[in-house]
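> no sequence for this one, just the structure:
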């Protein structure tokens with residue numbers, strides 16, 4: 001199956017049953033909160049999202065490939081398990097690099113909002129990003 005089709009399916013079922021076999025063993029990951037290398041750390045991060053947040057969802061808006069670069073545009077949302085159950089929404093995009101074995105060797109996420117905006121959504125839940 002084509003890597004783009006696998007990614008589309010993974011976005012639909014995120015964070016459950018992700019296809020980790022499309023990632024290189026030493027995959028580099030970076031987002032505004034984390035930076036690490038290795039598939040085990042990547043799996044741990046996805047597991048944290050699955051086990052800690054309520055109703056995590058990753059809506060894919062666009063996916064394109066040019067050479068060894070895959071670009072996705074998405075919105076990540078969840079409900080944080082706090083007494084007032086704030087709904088958090090982070091629009092962003094990812095740049096994935098594919099190696100010669102057709103494995104993702106780099107996954108960098110960019111947010112279309114600041115980390116402070118995400119904190120604000122927890123404090124002022126009615127002012128979510130659109």
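Structure received. This structure is a prediction, so every number in the text was calculated from the model and none was measured.
> return the set of buried residues in stretch 54-73.
By 16 or more other CB atoms under 10 Å, the buried positions in stretch 54-73 come out as 56, 57, 58, 60, 63, 70, 72, 73. (C-beta placed from N, C-alpha, C; glycine too.)
> brain fart, stretch 3-15
By 16+ other CB under 10 Å, the buried positions in stretch 3-15 come out as 3, 7, 10, 11, 14, 15.
> wait, which of the residues you listed is closest to residue 48?
Nearest to residue 48 among those, counting by CB to CB, is residue 15 at 9.0 Å.
> return the residues in contact with that closest one.
46, 47, 49, 50, 56, 58 (CB atoms under 8 Å, 6 or more residues apart in numbering).
> can you put these in CSV and add secondary structure?
Output for the contacts of residue 15, formatted as CSV (DSSP: H, G, I helix; E, B strand; the rest coil):
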residue, secondary structure
46, helix
47, helix
49, helix
50, helix
56, strand
58, strand
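> that older thread, can you flag which of the buried residues of stretch 3-15 belong to helices?
3, 7, 10, 11 (DSSP state H).
> which among those residues gets closest to residue 77?
residue 11 (12.5 Å).
> for that closest one, give me its contacts.
Listed by CB under 8 Å, 6+ apart, the contact set of residue 11 reads 58, 59, 60, 72, 74.
> check which helix or strand covers the residue of the chain most remote from its centre.
Residue farthest from the centre of the chain, counting by CA atoms, centre = their mean, is residue 83 at 25.1 Å. Counting by DSSP states H and E, residue 83 is held by no secondary-structure element, helix or strand.
> distance of it from residue 107?
Per CB to CB, to the nearest Å, residue 83 is found 34 Å from residue 107.
> check contacts around residue 71.
Counted by CB under 8 Å, 6+ apart, residue 71 has contacts 62, 63, 64, 65, 93, 94, 95, 96.
> what pairs with the second one across the strands?
What it means is residue 63. Residue 63 forms beta bridges with residue 72, as assigned by DSSP bridges.
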